[in-house]
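*Asks:* quick one, fold the following:
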Amino acid sequence: MHMSIWLFIAATSYTLGAIIQWLQLKNKLTEIYEYTNFPIVWAANLVAMFVCGIKALVWPYILLLDQEN
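*Replies:* Residues are numbered from 1 along each chain as shown. This is a model prediction of the structure:
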């Protein structure tokens, strides 16, 4: 019973961290939106959003690697 509570807390913390990280990374891409009518910019924006999504999902590992260096 106690393990499921801690698992819920960990999953909630991870999800909130991923959402916060996604919002911070997404703010960096807002200035690209005005040029999305060009196909190459649209493709670059799509790749950048994918990379932001990956970074948002692995934020604990990025945090640990930054502390080690």
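*Asks:* CA only for contacts and neighbour counts going forward, please
*Replies:* Fine.
*Asks:* for the residue most central in space within the chain, give its distance to Phe50.
*Replies:* Centroid-nearest residue in the chain, with Cα atoms, centre = their mean: Ala56, separated by 2.0 Å. When distance is defined by Cα to Cα, to the nearest Å, Ala56 is 10 Å away from Phe50.
*Asks:* related to what we said a few turns ago, now the host helix or strand of the residue nearest to the centre of the chain - C-alpha only, CSV.
*Replies:* Assessed by DSSP states H and E, Ala56 sits inside helix 39-57. Coordinates of each C-alpha in helix 39-57 appear next as CSV, following Å, rounded to 0.1, in the frame of the first residue of the first chain:
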residue,chain,number,x,y,z
PRO,A,39,8.5,24.4,-46.1
ILE,A,40,12.1,24.2,-44.8
VAL,A,41,11.2,26.3,-41.7
TRP,A,42,8.1,24.2,-41.1
ALA,A,43,10.3,21.0,-41.3
ALA,A,44,12.9,22.5,-39.0
ASN,A,45,10.2,23.5,-36.5
LEU,A,46,8.8,20.0,-36.6
VAL,A,47,12.2,18.5,-35.8
ALA,A,48,12.8,21.1,-33.0
MET,A,49,9.5,20.3,-31.4
PHE,A,50,10.3,16.6,-31.5
VAL,A,51,13.7,17.2,-29.8
CYS,A,52,11.9,19.4,-27.2
GLY,A,53,9.5,16.5,-26.5
ILE,A,54,12.4,14.1,-26.1
LYS,A,55,14.2,16.5,-23.8
ALA,A,56,11.1,17.0,-21.7
LEU,A,57,10.7,13.3,-21.2
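*Asks:* averaged pLDDT, it. What do you get?
*Replies:* Averaged over helix 39-57, pLDDT sits at 81.
*Asks:* buried stuff in it?
*Replies:* Using 16 or more other Cα atoms under 10 Å as the test for burial, helix 39-57 gives 45, 48-49, 52-53, 55-57.
*Asks:* now do it: which elements does it pack against?
*Replies:* Packing partners of helix 39-57 (3 or more Cα pairs under 8 Å, 6 or more residues apart in numbering; DSSP states H and E): helix 2-27.
*Asks:* off-centre distance for the helix it packs on?
*Replies:* 11 Å (Cα atoms, centre = their mean, to the nearest Å).
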